[in-house]
Each structure stands twice: as structure tokens, then as C-alpha cells.
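Chemist: Here you go, sequence then predicted model.
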Amino acid sequence: MAFAKLTRRAWLAGLAGLSLVSANPLMAQEKDDVVLGALRFTSHAAGFVAYEKGYFDEENLNVSFEFFQAAQPIAVATAGGDVDFGLAGVTGGMMNLAEKGAVRIVGGVLHEKKGVDGMMVMASNKAYEAGLDTVPEIKGHSMAMTQVGSTFHYMTSRIADTEGFDISDVRLMPLQKVGAMVAALQSGQVDTMIMVPHIAKPMVAAGNAKELGWLYDYAEYQISTLFTSVENIETRRDMVERFIRAYAKGIAEFNRVMLAENPDPEELDEMTRLIAKYVAPDKPYDEAKESIQQGAMNLNEDLALNLSDVALQVQWFKDQNLVTSDLSVDQLVDDSFVETY
């Protein structure tokens, strides 16, 4: 009889387990391991929010992060399968990889928007004291950037076009890493720089540089995107869709708290602490807090993508001979995952 009772219990437990699985099909799946390539920027924080809030878990994704020092290496790592998704600006390197059928943009992330502080145009103290005190005067001066074909290169060109001078009138200084850009501006080795607010504002507040203006006065620009490999799109489409859903929840929560006109103090502090673990892991929270909150930028709701602006960027890279192929926007972007405009 004892054997019969045990068998019946096991049978009933099995039925209960089957009921749970049928109620939630995701429970029947093993979690997909996913690596996200990112920078330690507040503008990349929606992924950190999605991770900490459990949004990736809800989509049966086991997400880890790989951090980089510049945008173009993220695209290379995504193409090579070292990371599954990348967060970065649209660069010449990414376009060349797309033309080879390696990567595709699947969503929009960071977008300049008037009314929300974005990329700051800055001058070194040395250049400012010598008379460089407005954005148009960057003509004839040196400009720090990571690499040729980077987002910093493109942003400088947008300013030059608006102000009526040629990009060749600016001495572009490729310094490979954001940290090297910052050091060069502070020491006066370069005259100007365009930088995210969580880095730029504390530099200005500390007296280490001067604010000249804001990029949104020159371009409402789709700065960064979410991209993945063509292989992932073709063989793991369901995983890509689940990742986008979770990331979009992270964006919604980030914008709700960090961009609120009158945020709830407790919610703001909780989210700032969450972000600080990733953006400033080596700093005491009290030191990192203000720069993180000042660095909150506009993120695209639901990862909607400004396809028209991406098309402008593609054409600019071709005009500069930084992309020598006949790359089309359709080769760069897979518009089947999110809304485009």
C-alpha cells in the first residue's frame, strides 16, 4: 500500500507540474544565454534596469554584460559572435559589417530631443580663455573623437554643415577611447569635444572644461541603436524578439523615473543606485549620484527607430568615403522588429 500511495503522489505532482507549464509555456524552455555589449554610459542604462528589474528573466533570458571603451569594437564583437547584441552609435565600421551581411540594426536607443539635455559641445579651459566661447568658433580648432567614422566624427560634421563650414576646417583628433578624449580636453591638448552629459556636466561643474552648447540645436539625431548578428535574426528570431520586449520595458522604466519633471525621490534614488553599479562600479555612490542623474538622456520608447535619420547617416558616410560600398538602408536595418519613422 505504501508503494501505491507514493506512486499516486508522484502522479499528482506530475499533473500539477504539467498544469504550470501549460499555463506558462516559457517555463518549459531553458533560458537562452545572451551577452549584451555596452559602454558604461547612463544612456545604456535601460539594459541594466531590465536586468535588475527581472524583465530579461520574464522572457527566459540569462543576460550578461561585456563592457567596451568605444562604439566600433562593439559592432565587431557582435559580428563575430562574442556578444549577441550591441548598443552603440551608427558607425562606419558597423556599416561595413552590415554590407558584408554580418550585423543589422533592430531598434533605436538614444535620440537627441530638445528639452532633454543630450550631447554637450565643450571647450578646454585653455581654448576658452583664448577666445573659443561659442559653438560656431570650433572652426579652425582641434576636436577630440574616438575613431574616424565614429559618432563623434558625424556629430562634428552636422555642426559644421549647419554653421556653413566644412568638416575639414576642424582638426579631428582620433584618440580611440572616451577616457583619452576627456584627459586630452582637461589638459588642453585638444580644444573641443562633444560628450554625454553624465561626463560633461561634472567636468564643467568642477571647472575642468567650459560648456559651449548642445547638439540638439544642430541635429535631432538617432545617436545609438540596438543591433545583433544576421545569424541571430535568421536562427534565433524568437530570442531577439524576447530581448527587445524586455529591453523596451527597461527603457520605459528609465524614462519614467529618470526623465520625470518631479520624480519620486525614493524611486529616483533606487534607480540611480541600480545604474551606479554598472556606470561607476569603482566610485562611491555619493560621488557617482549627481553625474548619473544629470546624464539621463532621451531613450526611444519601445525602441522605435528614426529610420529617416539613419538614412542621412548612411549617405554622409558614403559622401565621406568612409563606406565605399553601395550599402542600402535595408542592408543596415531590419525594420521588422520595431516601429520606424
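Modeler: Structure received.
Chemist: Give me the next element, helix or strand, following the lowest-mean-pLDDT helix or strand in the chain.
Modeler: Taking mean pLDDT, DSSP states H and E as the measure, the chain has helix 2-23 as its least confident helix or strand, at a mean of 45. Once helix 2-23 ends, the next helix or strand along the chain (criterion: DSSP states H and E) is strand 32-38.
Chemist: Can you give me the domain boundaries for the chain?
Modeler: The chain resolves into domains spanning 30-111+222-332, 120-217 when parsed by automatic domain parsing.
Chemist: Tabulate those domains (TSV), appending mean pLDDT, mean neighbour count and distance to residue 338.
Modeler: C-beta coordinates here come from the backbone N, C-alpha and C atoms, glycine included. Shown next, in TSV, are the domains of the chain (pLDDT from 0 to 100; neighbours: other C-beta atoms under 10 Å; distance: least, C-beta to C-beta, whole Å):
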stretch	mean pLDDT	mean neighbour count	distance to residue 338
domain 30-111+222-332	94	20	5
domain 120-217	94	19	20
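Chemist: Residue 340 is nearest to which of the ones you listed?
Modeler: Set against residue 340 and scored by C-beta to C-beta, those come closest in domain 30-111+222-332, at 4.0 Å.
Chemist: Any idea how far apart the tips of that closest one sit?
Modeler: 31 Å (C-alpha to C-alpha, to the nearest Å).
Chemist: Could you pull out the helices in the stretch 1-150 of the chain for me?
Modeler: Listed in chain order, the helices of the stretch 1-150 of the chain (DSSP state H, counting those that start in this stretch) span 2-23, 45-52, 55-58, 71-80, 92-99, 125-129.
Chemist: I'd like the domains of the chain laid out as JSON lines, including distance to residue 339.
Modeler: Shown next, in JSON lines, are the domains of the chain (distance: least, C-beta to C-beta, whole Å):
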{"stretch": "domain 30-111+222-332", "distance to residue 339": "5"}
{"stretch": "domain 120-217", "distance to residue 339": "22"}
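Chemist: how close does residue 123 sit to residue 216?
Modeler: To residue 216, residue 123 is 18 Å away according to C-beta to C-beta, to the nearest Å.
Chemist: my bad, should have said residue 131
Modeler: On the measure of C-beta to C-beta, residue 131 and residue 216 end up 25 Å apart.
Chemist: Equivalent analysis for residue 309, please.
Modeler: Residue 309 is 13 Å from residue 216, where distance means C-beta to C-beta.
Chemist: Show me what residue 89 bridges to in the sheet.
Modeler: residue 224 (DSSP bridges).
Chemist: can I assume it is in contact with residue 153?
Modeler: No - if you go by C-beta atoms under 8 Å, residue 89 and residue 153 don't touch, sitting 10.0 Å apart.
Chemist: overlap in contacts of those two?
Modeler: Common contact partners of residue 89 and residue 153 (C-beta atoms under 8 Å, 6 or more residues apart in numbering): none.
Chemist: show me the contacts for residue 36.
Modeler: Contacts of residue 36 by C-beta under 8 Å, 6+ apart are 47, 63, 64, 65, 66, 83, 84, 85, 86, 87.
Chemist: at 7 Å what do you get?
Modeler: Residue 36 sits next to 47, 63, 65, 83, 85, 87 when contact means C-beta atoms under 7 Å, 6 or more residues apart in numbering.
Chemist: Between those, which sits nearest residue 317?
Modeler: Taking C-beta to C-beta as the measure, residue 317 sits nearest to residue 87 out of the contacts of residue 36, at 19.4 Å.
Chemist: ok now do that closest one, which residues does it touch?
Modeler: 36, 37, 38, 44, 47, 109, 224, 226.
Chemist: which residue ranges form the strands in the stretch 201-341 of the chain?
Modeler: Secondary structure of the stretch 201-341 of the chain (DSSP state E, counting those that start in this stretch): strands at 210-214, 224-229.
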